[in-house]
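Enquirer: fold the following and give me the result.
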Amino acid sequence: MGVLDGIRIVEIAGIGPGPFCGMLLADMGADVILVERTSGRSGDPLDMGKNAIFNRGKRSLALDLKDARAIDAVLRLIDRADALIEGMRPGVMERLGLGPDTCLARNPRLVYGRMTGWGQSGPLAQTAGHDLNYIALSGALWYSGEPGKPPLAPPTLVGDLGGGALYLAMGILAGILNVQRGGAGQVIDAAVVDGSANLMNLLLSLHAAGQLPIERGQGILDGPHWCGTYACADGHFISIQALEPQFNALLFSKLGLGDDPEFSHPYDPTCYVRLRVRLAALFATQPRQHWVDLLEGSDACFAPVLTPVEAMNHPHLAARGIYAERDGVLQAAPAPRFSVTPAAGPGVVPRRGEHGAEILRAAGLNENDIGELLAKQ
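Expert: Below you'll find the predicted structure:
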């Protein structure tokens with residue numbers, strides 16, 4: 001059933017972190033009603049249909065939100081909901097007649113989750129942007145990359161998902177918990193620029209302690225030769241991050257460098273560049289599997305750099321069932337794991353509007369109104 005069984009979420013379809021937040025809640029058992037457009041935008045690369053993993057486990061209702069009757073239907077759903085997720089630019093929901101004042105007046109217990117890049121206020125609130133822009137401005141992009149080269153981060157992971165969807169999910173759950181303890185419904189202003197900046201606090205702790213200068217390549221996590229990725233002879237890559245003394249000592253020992261005096265001072269910044277060159281030359285002499293056989297499973301803090309398809313077949317990830325294919329689509333299983341109320345596994349991605357009649361019927365609409373509302377699909 002899932003730990004969130006009995007919790008109902010209304011999600012106004014969008015892109016990026018909002019739908020991903022809805023997936024997280026659906027994975028944990030919430031009834032997430034996805035209100036979609038009656039048809040996809042022609043040529044829209046983000047209209048993924050059955051491949052939209054972020055919609056798995058949800059129920060789909062397709063409506064034309066320019067129709068006043070459709071807005072009334074959504075408000076009826078909101079009357080019975082615990083939370084709402086929307087990812088429009090500030091002011092759009094208000095113009096539709098679905099703004100927080102309207103919704104909270106009808107349902108004072110509602111947790112109204114708003115997901116944007118820049119937030120609901122501030123000089124950039126109405127400006128277009130995407131993941132890379134938000135984390136660039138927040139500072140979260142700064143340490144991603146080598147000194148002297150343009151910073152580069154994995155697409156969407158740091159901003160949209162790490163600083164956006166996860167913070168919105170946490171805010172919604174905290175808001176629902178507060179309501180269940182007697183508090184009032186409220187608006188959650190989740191901005192990627194806020195969340196990605198908040199993610200920096202561990203690095204800012206290291207900076208304050210003198211362990212992570214602003215200059216890239218000089219800190220404890222981005223400078224040492226024992227911390228980074230290296231190319232192998234076959235064009236694949238491996239990673240090492242042997243931070244603690246006992247771990248980098250073991251790493252060097254396994255690499256045959258334990259008695260090399262140059263590697264006896266692993267925390268000397270003056271050695272970092274020179275020893276990184278030496279390790280790069282060493283790792284380039286053998287294919288990735290050689291280093292897997294030598295280092296994986298030890299405390300040398302090592303892992304091969306895998307593609308998602310390779311990761312699915314790795315013994316550790318396979319043992320935990322982290323990746324799987326459903327209907328021909330590779331996807332990761334729900335996380336985290338609950339011992340008493342585990343997730344049932346990846347849910348089915350609904351067809352657009354698949355559950356429209358049952359959702360509207362449960363909301364109290366008569367059959368004539370349901371037929372007219374769904375006729376536009």
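Enquirer: going forward, measure contacts between C-alpha atoms and count neighbours the same way
Expert: Fine.
Enquirer: what about the strands in the stretch 151-300 of the chain?
Expert: 186-191, 227-231, 237-241 (DSSP state E, counting those that start in this stretch).
Enquirer: residue 294: which of these is closest?
Expert: Proximity to residue 294, assessed across the strands of the stretch 151-300 of the chain by Cα to Cα, is greatest for strand 237-241 (12.0 Å).
Enquirer: could you check how far the closest residue to residue 178 other than its chain neighbours is from residue 76?
Expert: Leaving aside its sequence neighbours, residue 178 sits nearest to residue 184 (Cα to Cα, 6 or more residues apart in numbering; 7.4 Å). Between residue 184 and residue 76 the computed distance is 19 Å (Cα to Cα, to the nearest Å).
Enquirer: just the buried residues of stretch 260-276, please?
Expert: Applying a neighbour-count criterion of 16 or more other Cα atoms under 10 Å, one finds 263, 266, 267, 269, 271, 272, 275, 276 buried in stretch 260-276.
Enquirer: again, but for stretch 284-294
Expert: Buried residues in stretch 284-294, defined by neighbour count with 16+ other Cα under 10 Å: 284, 287, 288, 289, 291.
Enquirer: hmm, which two among those are most spread apart?
Expert: Across these (Cα to Cα), the longest gap, 12.0 Å, separates 284 and 289.
Enquirer: least trustworthy helix or strand in this protein by mean pLDDT?
Expert: strand 323-326 (a mean of 89; mean pLDDT, DSSP states H and E).
Enquirer: list the buried residues of that strand.
Expert: Residues of strand 323-326 classed as buried by neighbour count (16+ other Cα under 10 Å): 323, 324.
Enquirer: possible to save the buried residues of stretch 260-276 as JSON lines with distance to residue 322?
Expert: Listed next are the buried residues of stretch 260-276 as JSON lines, based on distance: Cα to Cα, whole Å:
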{"residue": "263", "distance to residue 322": "37"}
{"residue": "266", "distance to residue 322": "35"}
{"residue": "267", "distance to residue 322": "35"}
{"residue": "269", "distance to residue 322": "38"}
{"residue": "271", "distance to residue 322": "39"}
{"residue": "272", "distance to residue 322": "35"}
{"residue": "275", "distance to residue 322": "36"}
{"residue": "276", "distance to residue 322": "33"}
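Enquirer: which members of those are positioned in helices?
Expert: Within the buried residues of stretch 260-276, residues falling in helices by DSSP state H are 272, 275, 276.
Enquirer: what stretches of this protein score poorly on pLDDT?
Expert: Filtered on pLDDT under 70, the chain yields the residue ranges 40-46, 377.
Enquirer: how is it divided into domains?
Expert: Residue ranges for the domains of the chain, per automatic domain parsing: 8-199+330-374, 227-313.
Enquirer: so can I have TSV of those domains showing distance to residue 217?
Expert: Output for the domains of the chain, formatted as TSV (distance: least, Cα to Cα, whole Å):
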stretch	distance to residue 217
domain 8-199+330-374	6
domain 227-313	9
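Enquirer: mind checking the longest helix of the protein?
Expert: helix 166-180.
Enquirer: rewinding a little: roughly how far does the residue nearest to residue 178 sit from residue 108?
Expert: 6 Å.
Enquirer: picking up where we left off before, just put the strands of the stretch 151-300 of the chain in CSV and tack on mean neighbour count.
Expert: Converted to CSV, the strands of the stretch 151-300 of the chain look like this (neighbours: other Cα atoms under 10 Å):
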stretch, mean neighbour count
strand 186-191, 23
strand 227-231, 19
strand 237-241, 19
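Enquirer: want to throw these into JSON lines with distance to residue 298?
Expert: Listed next are the strands of the stretch 151-300 of the chain as JSON lines, based on distance: least, Cα to Cα, whole Å:
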{"stretch": "strand 186-191", "distance to residue 298": "40"}
{"stretch": "strand 227-231", "distance to residue 298": "16"}
{"stretch": "strand 237-241", "distance to residue 298": "12"}
